[in-house]
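no sequence for this one, just the structure:
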């Protein structure tokens, strides 16, 4: 029963990610042709501030609710009121800080935009517990319906306003609509309601684990959004918009995988945390399966970056091509960060989790500052170097707890890596002798890459190929995906 529930959860999580990323992809392509890079960069200037505020709102306590096996309604209510209260404080702080942010970047329109995003933060704490409980129960069907509805409606609003020439305000309206509608829907759909109670004992118990996760998330968010501050201040909104386009395009394929594993791996690992050999087996299976998919996707994106950008977004975004090539290479190891950290959290080692984040993010921030001296490509290469370092350091503690450190993990996915490198080399050689229109070039190279990879995987007898085929047959036969008909 547990296996069936897990398989169903993975299926729903995968479907959720595929649908959301497909929608995001279509919306991004449409808006990018209606809105300038400068408008995108203007909104991106606020990502550091809104991202940090979001971490304060969550506080790590939602992760503690998932990690704790037997939570009570008192625990859940305590987290709700804490998150809601902090959301209100963060909203007020951002609202009052809006004039300073506008003056710092010397962009007047940031003042009203920041104040609107501050109001959005008031809603952020009101739905975090609902979504956390969905995840804890491995129920990804309900969030899928909510997210799909809010995404489609907000996209319609944003695209209409962009078509009317509203520029940056179209992006703001899209974000605000998604936030408001998503909060309303989760309260309508979910049966969970908080009581008028706050337990200091429950808060202290959850914060002993969640506090470390909070500090780690705070550091992680600062690191991931820090380049927005650097690029926005040093190079301006236009260059930041170009960099963000490369970064968001790179995330399209890998975010599906990381979205699935970040939501599913932690609760599944937590259930196996008392049996280390079983946890190791699940962990290794995750590594091999995820990297078998991620390696060809990211190498493929690097190889077809030029026709991809030109086909989807047009020549106005051509500056993103070299950045996309670099960032795609840096994302090859990204799923391993999520898997390794999920194991640490499942084992309850949140203090080690924080220690890992402090070291690798300190190194990462130093690399970004150094890379900024060499322009946007310098920052992109800094991200690649930081990714390699982070993987080695992430895996260090799992070498201690599971005797499965960085080198053994590399061995696990080395067959897929070899196939991916050979595939990329073959496609590059073919691309050097053919010159089609961007769309035809993209379709041709992508198809050839997929065929080469599958042939190589079959020839080298990579076991994950048969596993993937078997999983697909099991999933799509015998009405295993009959839940699709119950949507």
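That came through, no problem. Not measured: the values here are computed from a predicted model.

mind checking how far residue 53 is from residue 85?
With the distance defined as C-beta to C-beta, to the nearest Å, residue 53 ends up 13 Å from residue 85. For glycine as for every other residue, the C-beta is placed from the backbone atoms N, C-alpha and C.

Neighbour count: these two, which is higher?
residue 53 (24 against 13; other C-beta atoms under 10 Å).

May I have the phi/psi pair for that one?
phi -60, psi -40 (degrees, to the nearest 10).

from memory it sits against residue 93, does it?
Yes - counting by C-beta atoms under 8 Å, residue 93 is a contact partner of residue 53 at 7.5 Å.

how many neighbours does residue 234 have?
14.

how about the helices in the stretch 151-300 of the chain?
Applying DSSP state H, counting those that start in this stretch to the stretch 151-300 of the chain gives helices spanning 168-189, 200-234, 237-271, 276-303.

avg pLDDT for the second one?
Same thing as helix 200-234. The pLDDT scores in helix 200-234 average 77.

What of the third one?
For helix 237-271, the mean per-residue pLDDT is 77.

How about the first one?
Regarding helix 168-189, the rounded mean pLDDT is 90.

same thing with stretch 30-47?
On average, stretch 30-47 scores 87.

Same check on stretch 317-333?
Here the average pLDDT along stretch 317-333 is 94.

For that stretch, which residues meet the burial criterion?
By 16 or more other C-beta atoms under 10 Å, the buried positions in stretch 317-333 come out as 317, 319-333.

who's in contact with it?
Contact with stretch 317-333 is made by 32, 37, 239, 242-243, 245-247, 249-251, 254, 294-295, 298-299, 301-302, 305-306, 308-310, 313, 376-377, 380-381, 383-384, 386-388, 390-391, as judged by C-beta atoms under 8 Å, 6 or more residues apart in numbering.

so how far is the first residue of that stretch from its last?
Stretch 317-333 has an end-to-end distance of 26 Å (C-alpha to C-alpha, to the nearest Å).

How far does it sit from its chain's centre?
Remark: stretch 317-333 is offset 16 Å from the chain centroid, using C-alpha atoms, centre = their mean, to the nearest Å.

Below-threshold pLDDT in the stretch 251-400 of the chain: ranges please.
Filtered on pLDDT under 70, the stretch 251-400 of the chain yields the residue ranges 256-267, 350.

can we see that at 50?
Along the stretch 251-400 of the chain, no part satisfies pLDDT under 50.

Nearest residue to residue 421 in space, ignoring adjacent ones along the chain?
Using C-beta to C-beta, 6 or more residues apart in numbering and skipping residues adjacent in sequence, the residue nearest residue 421 is residue 299, 7.3 Å away.

What of residue 396?
Leaving aside its sequence neighbours, residue 396 sits nearest to residue 405 (C-beta to C-beta, 6+ apart; 6.2 Å).

And for residue 87?
Computed as C-beta to C-beta, 6+ apart, the closest residue to residue 87 that is not its neighbour in sequence is residue 125, at 3.0 Å.

What of residue 428?
In space, and not counting its chain neighbours, residue 428 is closest to residue 303: 5.9 Å by C-beta to C-beta, 6+ apart.

isn't that neighbour right up against residue 424?
Yes - the pair residue 303 / residue 424 is scored as a contact, 5.3 Å apart, by C-beta under 8 Å.

Phi first, then psi, for residue 193.
phi -140, psi 140.

tell me, how many neighbours does it end up with?
11.

now do residue 447
A count of nearby residues for residue 447, using other C-beta under 10 Å, gives 11.

For it, identify the helix or strand it belongs to.
helix 438-459 (DSSP states H and E).

Show me how far that helix is from its chain's centre.
In this view, helix 438-459 has its centroid 26 Å away from the chain centroid, taken as C-alpha atoms, centre = their mean.

how about the nearest residue to residue 444, chain neighbours excluded?
What sits nearest to residue 444 in space, not counting adjacent residues and going by C-beta to C-beta, 6+ apart, is residue 436, at 6.3 Å.

before we move on, what SS does the one you found have?
coil (DSSP: H, G, I helix; E, B strand; the rest coil).

wait, isn't it in contact with residue 430?
No - using C-beta under 8 Å, residue 436 makes no contact with residue 430, being 11.2 Å away.

so what's the residue nearest to residue 428 up against?
Taking C-beta under 8 Å, 6+ apart as the contact definition, residue 303 lies against 424, 427-428, 431, 445, 449.
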